[in-house]
Every structure is written in C-alpha cells, then in structure tokens.
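[1] based on what follows, work out the 3D shape:
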Amino acid sequence: MSEAATVPIGDDHESDAALEAVRELIKAGAPVFLARPAMRYRSWDPGGGDGGTGYRLPPGWQATEPDLSVLDRWQPGDALAMVGGVLFDVIDTDRQHDGEAARDQLRAAGLWPTTYGTVATPSGGLHEYVTPLGIGKDNGGAVGPGIDLVGGLPDGSGRGFVFLPPTSRLSKITGEVRRYRWTEPLVLGEGAGDDSGAALAERVRAARGRPVTPDQGHSGVSAVLSLPVSPAVSLSADQRTRARLYVEAAIKGIKAELAASAGWPEGHRDDHGRGWERMQADAALRLASLARADWNDLDLGAAKAAFMSAAPTSGRWTVRDVDQKWTSQARRATEARMPDLAELVIGDGVPVVTGDQVPIATLATADVQGEAGEDTAQDYETRVAREAARIRIRRDARRIVDAEDQPPAPPFDIGTLAEILARPEEPPARIDQLMPWEGSLLIAAQRKTGKSTLVLNIARSLITGEPLLGRFQVRPVSGTVALLNFEVSGTQVARWADEVGVPRDQLHLVNLRGRRNPFIEPEDLERLARELRGREVETLIVDPFGRAYPDTDQEHPGPVQRWLVQLDQFARADVGARDVILTTHTGWNGERTRGSSAQEDWADSILTMVKDDPPDGDGARYLRAIGRDVDLDEERLDYDSDSRQLTMSGAGGRRKARASEKVAAMIPVIERVVADSPGITTRYLRDAARRVAGEGCRNGDIDSAIKRAEELGNIRVESGGPGRPTHHYPVQEASPDVV
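    Model (predicted):
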C-alpha cells in the first residue's frame, strides 16, 4: 500500500483556469465525471482507490453525460475525468517506454492525427486530444509501444477515461504527487470533419487482427507496431526476480484451475458457480491483466499461449470459442496492480504476498500446488500456519499503530441520577422553539433559496442576543461564532454578513472554497481546531455538508455517521464549541435532505426552508422546524432586501397562502354576480359563482370571499332573520322592503 499523501492544491489562479477549461469541455459536449479521493485512516491514499488511481470512480462512469453541475460538486482534492470516444479521444504517450520514439515514427509516417490540446501528466507523459477514431480504447500496444489510446466505440461501449487538470496523482517517476497541466491550450469547435486519424485507426484494427485492404496501407508504420516492448517501471534485479516468480506462480495456478476443469461433467459448476465459459473468461482476464501491467515481462502473446494450452475444449466448446473468449477478455483487461515486491516472500520456489494487495485471485491455488499439481497435507498445513502467522503479525501491528494515532480520550461522563440532577441547571434552549442548549442544528434548504442569508441571521442573533426572525428569544454566546464557509467566496460572504448587521469582531470566517478540505487531512484539522479554540468559538457553523464531507459516498449511513461523529468531536472536544450548526441541501422536491438520512438522525432539531415556486406558488420562502422539544408549523418568511434580515410573517404556511389566494381570486366573481343580480340569496350566489369560477370551488372558499367582499365595503349583506334567506346587494343598490 502506498503511503498516504496530501493532495496538492497549487495556485488558486491555476486551478481556476483549469476548471474553466473543464467547463468549456462540458459545454462543448464532453462527458466529465467527478471522483473523490481514496481515504485511508482519514488521509488521502494516492496509490489506493480504483485501479491504484488514488480515487474512487463512480459506478457507471462509462455512461456519463455532459453536465455542468459536476463543477458545482467539485472541491479541491477531487479528481475530474473525461470519458473518451465522445468529443475527443486521447492518445497517451509514456516517455519511459519508448513512447516518444514510437510517436516520432508515427508522425514521420504521416499517421499522427491533428491534436486539439495537450496535457502533461504527473509521470512526464503526454495526453494529446484528437477527434474520436471510433475504435475504442487500446492499451495493448496496437498504436505503438508506450502509447495507449483512450477512446470509445460509436455504440458507447469500449470507453476509457483520462484525468483532467487540475487533478493530482502520484508520479511513477519521482514518487511525488503532481498535477495534470495543460501545455498546449485546448481548442474547441474546429474538429468537425477531421479524418486525420483514419489511417492510424485502420492500422490499429490491423494490429488487432482485422483485415486492411491494400489501398488503406501506409508504409513505415509496421516498424513502429513491431518495436519491442520493455517493462515500464525501473526494478532492481532482486525485484525483477520476485516479479518474475510472482507471474510464474500466477500462471501456474491459473493453468491448474483450467486443467482441473477439463474433467468436469457437463453442466458442472465450481464453488463460485462458474462453468467452463465463466472459468475461462476469468482466467483470460487475469492473464491479460498481468500482460498489460508494466512491472513484469509477460506479454500478451505469452499470456495467450498459456491460456490456449490449458483451456479445455469439447464438441460444443471448440478451440475457436476459446480463442474468441481470449480476444474479448484481452480487450477488457486493465493493468494488474503491482504487488508489494518488498514483501514478496520467495520460499520453495513459490512467491507469497504477505500484504493485502494480491491482484490475481488464484494465487492461493498456485501456492498449494506442486509440480505435478498436488501437494502433501503436511506441506499444506505448514504453509497455512506460516500465512496465518503473517496475518496475525500485520493485524497486531495495525492495532498498535492505530492506538498511537488516537488522541487521548476524555473521561466518561458517568454519574448517578442524583448526581446528574444535582448539577447546575442548563438553559432549556439556545434559540427558543428552534435549537436546544448545546444542540446540533441541521438547516435543510434547496439551492438558491436563501440558506446563507438564514445562517447569517442566526449568527447575528447569537452574537447580539436579539430575537431571531423577530420572534424567537436567543441566549447569546459569551464567546464568538465561527463559520466554515465551503460554498461562496470569502469576500461575498463577508459583504453579506456586514449587510445583515453581524458584529464585525465576533464572527470568524474560515473560507475554504478552492482550498484543501481540512476534514481530509488530520494535521489541517488539528491546526484549525487550535486556531478556533484560541478565538473562543462557542458556536460552529459548517456550510454546507455536501462540500465539507470528504468522501464520495453520501448515500450510505455508515460513512456519513462516522463523519458526523468526527464533526462532533472536532467541534465540541477539539474546538470547545457548545453548539454545532450544519447546513445541507434538500432534494428536488425541497422536502428531504439530499444523501443519507444519517444527517437527520444526528440533529437535535431540523430547520427546513423551502421556496414556493411558480406556477402554484408565489416565490415566497417558508420555514418549519422539528426536533427534540421542537415543533414549529410552517410559516412564511418576510425578507427586507435592504438589511437582508428575515422575519416570521405570521401569515401561516403554503396551504394557508394558497387558500388566501383562492379567496382573493373569488372576490371579483362575487362582486360581479351580486351586481348582475341584486338581492341574490346565498344559495343562488354560490351556484352562480361556481358556474363562473369552476366546479372546483368549495362553499367554504365562496363564503370566505363573500365575507371578505363585505369587509372591503364592496357588497352589502342583509340577513332575513331566522329561517329567512340572506340577500346580497351592490353597495349602491337599496334593498327592497322585506315583507
């Protein structure tokens, strides 16, 4: 396992320029997805993640569609990646493996496509952006030694991806973490009709075994395609021996599995539910993955020979079927991850990896098989005991290291009921009806609803002690308030806070947009805790969850719960704050928090802010609250644009507002009917109003409109007395004598 490292952020201007290039790519039609850093013990593991990339790739990334919202979710330390085969293919030249020489030969032969931008990789290679060739991805040397193609087929299959600037990765050359950088600026909108890659595409098809007609040939490329392939990584003689023995053991184990399956009766399945076809598919994929890897000398030809020699056939499953299975799996295969060669123990001619990075699943088979495919029970038991001892050693060592990394735990808060009750009584609430004392408050709101304004109104009341929203009594902080601002620029949030009237010397702004997330790096978090404790922070506000949370998985409760526990420990134990306020975004309907429900479970109280959008609503904001000893019905908020202050309107929620709108719309109908029929009774007035306004009108709405029209002085109502009808008149109409 690679050592954990810090994702370098670099210059803000450089990041902004790279992000702007990504924005233009997406607008032009390139599918771009977001990958979160792979975490190990709360630190980034640049050698971990999917395929050793250092990042967790989202499921189904191959089907990514162009979507600018990916940039809204991006935060420093994340990776951005483009899917090939749509707007661009990318030719990946590895300068370590003769890639540059092969590239020069292809250029000299006139086979290099027109490029529309070039990126320098962390390992010194080049990513050159070209018009899609329509032949999928290739990392088997068909383009040339040291050259891979990241593309996709026209039907959407066979896609690969490349990381985009400002993503950072571990350099294979220096072992340092470096960034992808544009060396030739991206050119968009000029590739239409570009077929400069057609000749190269046909040569790649030929290298894969597909026929090429004579008039498609180009002399000069065959030498490029037949250049010898050398291992990509620099290994010592001892490491190379270990790698060779590792691969030999893996091949031996795979061939033993295939040979054993030859005796299976028709329809037989192994313990994993695999028949012949599935068994051979797995074997071909594992062998091809080894051959694709740059840390060993195995090539695809030798891997295929090993597979073809051991794969069983029958009347129904022929050699041709076996060959087709190899071809399809070899195209799918990606590089097998290099084992930790320092921990590769060579004993009895068979290597055993003592760590947890065994890239080939069948090494267990290779480990217990002898030359004849069998081993004695005594040898087997000896090897099992040896491996068990290694596992115990690593387990115990991990426990020791984990214990060393843990900070001293505070004493448990234990006491009898009498002792707890004898303690000084705490205030019942920090904010009356909304937030308990020493509570955790979750503010949930749709995007662009006014969440930041509400947060700053809360900060103002916590500092000044003035009633929140003009209604709720507040117990002011004796210290200060801190806002971890992940969402907007520091200048903007400072201007908003000043307009709200927040005291300038008691609100501390920690502006983290465009910077490394302190929840990723423990040292950053410890340094931030010391800084905030020194500023006597009593209430900590984190805005918002989606950017503060350091992992990609926001849906499953387990990881989210662990982070919320970390947040509580950071805020209360490390910073010394009494209150924690966390904001989060709601889903499309504005009613539930986005992501795991663990956020709602964590909170003592939840404030939900919604916007009543047209066509049914009037665009007003509404607030409601639930929680422990908290239950506030929904009510409309009034907003003063000059002071940016919010107040409770007293007008009720959306249901009441819609009812009021119905009544207001009904009043002109009532007035018109009464004007046309002076003296009309209530029964006939209802019927006439319903005919005008529609059958959906309820009697309650009509009666409310009649009452409101009378209050406004627009109609006059005369009761006929008990058992007599009530009559309605225009204000200028005199009523007849009632007989």
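
[2] domain map for this protein?
    12-225, 237-368, 431-652, 657-730 (automatic domain parsing).

[3] where does pLDDT dip in the stretch 401-550 of the chain?
    Scanning the stretch 401-550 of the chain for pLDDT under 70 picks out 402, 404-410.

[4] change it to 80
    Along the stretch 401-550 of the chain, segments meeting pLDDT under 80 span 401-411, 425-427, 447.

[5] circling back: and the domains of the chain, which one's lowest on average pLDDT?
    Of all the domains of the chain, the minimum mean pLDDT falls on domain 237-368 (a mean of 73).

[6] on that earlier part again, redo the domains of the chain as CSV? Include distance to residue 400.
    (Each C-beta comes from the backbone N, C-alpha and C, glycine too.) Putting the domains of the chain into CSV (distance: least, CB to CB, whole Å) gives the following:
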stretch, distance to residue 400
domain 12-225, 13
domain 237-368, 17
domain 431-652, 18
domain 657-730, 63
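
[7] quick one, which of those is nearest to residue 421?
    domain 431-652 (16.2 Å; CB to CB).

[8] and residue 603, backbone torsions?
    Main-chain dihedrals, residue 603, degrees, to the nearest 10: phi -80, psi 140.

[9] my bad, residue 163
    phi -80, psi 150.

[10] number the residues from 31 up from this point.
    That works, and once the first residue is 31, the last one we named lands at residue 193.

[11] show me what contacts the closest residue to residue 119 other than its chain neighbours?
    Here the nearest residue to residue 119 in space, its sequence neighbours aside, is residue 181; by CB to CB, 6 or more residues apart in numbering that works out to 3.7 Å. Contacts for residue 181 were tallied using CB atoms under 8 Å, 6 or more residues apart in numbering; they are 114-115, 119-120, 162-168, 188-190.

[12] in TSV: these, plus secondary structure.
    Converted to TSV, the contacts of residue 181 look like this (DSSP: H, G, I helix; E, B strand; the rest coil):
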residue	secondary structure
114	coil
115	coil
119	strand
120	strand
162	coil
163	coil
164	coil
165	coil
166	coil
167	coil
168	strand
188	coil
189	coil
190	coil
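
[13] which of those residues count as buried?
    114-115, 119-120, 162-163, 165-168, 188-190 (16 or more other CB atoms under 10 Å).

[14] and stretch 113-124, end to end?
    Taking CA to CA, to the nearest Å, the first and last residues of stretch 113-124 lie 20 Å apart.

[15] run the chain-centre distance for that stretch.
    Distance, stretch centre to chain centre, for stretch 113-124: 23 Å (CA atoms, centre = their mean, to the nearest Å).

[16] likewise stretch 142-153?
    27 Å.

[17] rewinding a little: and the two most separated of the buried ones among the contacts of residue 181?
    Pairwise distances across those (CB to CB) peak at 14.0 Å, for the pair 120 and 188.

[18] confirm residue 496 sits in a strand?
    No. Under three-state DSSP, residue 496 falls outside any strand and is assigned coil.

[19] quick check: it touching residue 490?
    Yes. Counting by CB atoms under 8 Å, residue 496 touches residue 490, with 7.2 Å between them.

[20] which of the two has more neighbours?
    residue 490 (23 against 15; other CB atoms under 10 Å).

[21] not counting its neighbours along the chain, what's nearest that one?
    Residue 490 sits nearest to residue 532 (CB to CB, 6+ apart), 4.7 Å away.
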